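**Student:** How does the following fold in three dimensions:
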Amino acid sequence: MKLNRKLHIPLYIQLKDQILMTIKSDDHAIGDMIQSEQELMKDYQVGRATVREAINELVKEGFLEKQQGRGTFIKRKETSLGFEPLLSLSYSLKMRGWEHQNQVLTKSQIDNIFSENLIVSPKLFYFERNRTIDGHPLGLEKFYFRPEFEALIADYNLEHSIGKLILEILKLPIEKLTQEVTILKATQEEAQMLKLNTGDDLMFMRRWLYVKGIEGVYQYYEFKVPVGVSAFPADLL
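**Tutor:** Numbers count the residues shown, from 1 in each chain. Sure thing, here's the model as predicted:
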């Protein structure tokens, strides 16, 4: 079996999809051991790094589990709905094989600017990021957290996935996530950063994240992306 090296999708993503098809087939059951790294390398004509990256993704998604000294086994066969695809744009882009970068533009503690006071705190931890995909401007992000969040992430690089930080590192117990998407016009500053014309249409996504045991909103998030960005699927919004 060979993977398509002419596709824009990375080999480890293609291999992951092939392994997932095997996991979900009627020929395998929960608890079965999958092929070894050597067998996968031989069958798909790829290197060890590609195999390990594909398996690690399936382990993170809960389909596989590694047992030291024994092998890798099927943990579940059906897709379960989790928060990561909804909470982490980095996750969704990575699953599609797109290279993306995040640049932190500003970071500080600010006064609570929301009249509705959704985040119950006089101060907020705030940072902005500029995202690019395949080297092209993708969108502008604004994050507002409760102020104590800053101390929790003192050693974390904010250019990395915030969804992964919340779910996998801090393991915050998410109670509710709501979001809305509207269309608005780009300001002069936004147009300059996104290489648009002032007044061009932008998709504006707002998201409110609630954590168990904490009053009010824990995180408020804004994301603006040009309507019609050719490399960016609207379903990710």
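
**Student:** What does the pLDDT read for residue 15?
**Tutor:** Here, the pLDDT recorded for residue 15 equals 92.

**Student:** Which helix or strand contains it?
**Tutor:** Residue 15 belongs to helix 11-24 when assigned by DSSP states H and E.

**Student:** next one: residue 106
**Tutor:** Per DSSP H and E: strand 100-111 holds residue 106.

**Student:** Remind me what that strand packs against, helices and strands.
**Tutor:** With contacts taken as 3 or more Cβ pairs under 8 Å, 6 or more residues apart in numbering; DSSP states H and E, strand 100-111 sits against helix 89-95, strand 123-133. All C-beta atoms are positioned from the backbone trio N, CA, C, and that covers glycine.

**Student:** Could you verify my assumption that residue 197 touches residue 190?
**Tutor:** No: taking contacts as Cβ atoms under 8 Å, residue 197 lies outside contact range of residue 190: 10.7 Å.

**Student:** between those two, which one's more packed in?
**Tutor:** Higher neighbour count among residue 197 and residue 190: residue 190, with 18 against 10, using other Cβ atoms under 10 Å.

**Student:** Could you pull out the buried residues of whatever helix or strand the more buried one lives in?
**Tutor:** Using DSSP H and E, residue 190 sits in helix 188-194. Across helix 188-194, burial judged by 16 or more other Cβ atoms under 10 Å covers 190, 191, 193, 194.

**Student:** For the second one, which non-adjacent residue is spatially closest?
**Tutor:** In space, not counting the residues next to it along the chain, residue 191 is nearest to residue 198; the distance is 4.5 Å by Cβ to Cβ, 6 or more residues apart in numbering.

**Student:** before we move on, the earlier item: would you list the buried residues of helix 188-194 in TSV and tack on pLDDT and distance to residue 74?
**Tutor:** Shown next, in TSV, are the buried residues of helix 188-194 (pLDDT from 0 to 100; distance: Cβ to Cβ, whole Å):
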residue	pLDDT	distance to residue 74
190	89	47
191	89	50
193	85	46
194	86	44
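
**Student:** and those residues as CSV, adding distance to residue 105?
**Tutor:** Output for these, formatted as CSV (distance: Cβ to Cβ, whole Å):
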residue, distance to residue 105
190, 12
191, 16
193, 9
194, 13
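
**Student:** one step back: show me what the helix or strand that the helix holding residue 190 is followed by is packed against.
**Tutor:** Following helix 188-194 in sequence order, the next helix or strand is strand 201-211 (DSSP H and E). If contacts are counted by 3+ Cβ pairs under 8 Å, 6+ apart, strand 201-211 sits against strand 174-185, strand 219-226.

**Student:** Compare those strands and give me the one nearest residue 70.
**Tutor:** Judged by Cβ to Cβ, the one of the helices and strands packed on strand 201-211 that comes nearest to residue 70 is strand 174-185, at 32.9 Å.

**Student:** and the closest one, which residues are buried?
**Tutor:** If you call a residue buried by 16+ other Cβ under 10 Å, then strand 174-185 has these buried ones: residue 174.

**Student:** swap in stretch 4-22?
**Tutor:** Quick answer for stretch 4-22 (16+ other Cβ under 10 Å): 10, 11, 12, 13, 14, 15, 16, 17, 18, 19, 20.

**Student:** just curious, which of the residues you listed is nearest to residue 155?
**Tutor:** Using Cβ to Cβ, the buried residues of stretch 4-22 come closest to residue 155 at residue 12, 27.7 Å.
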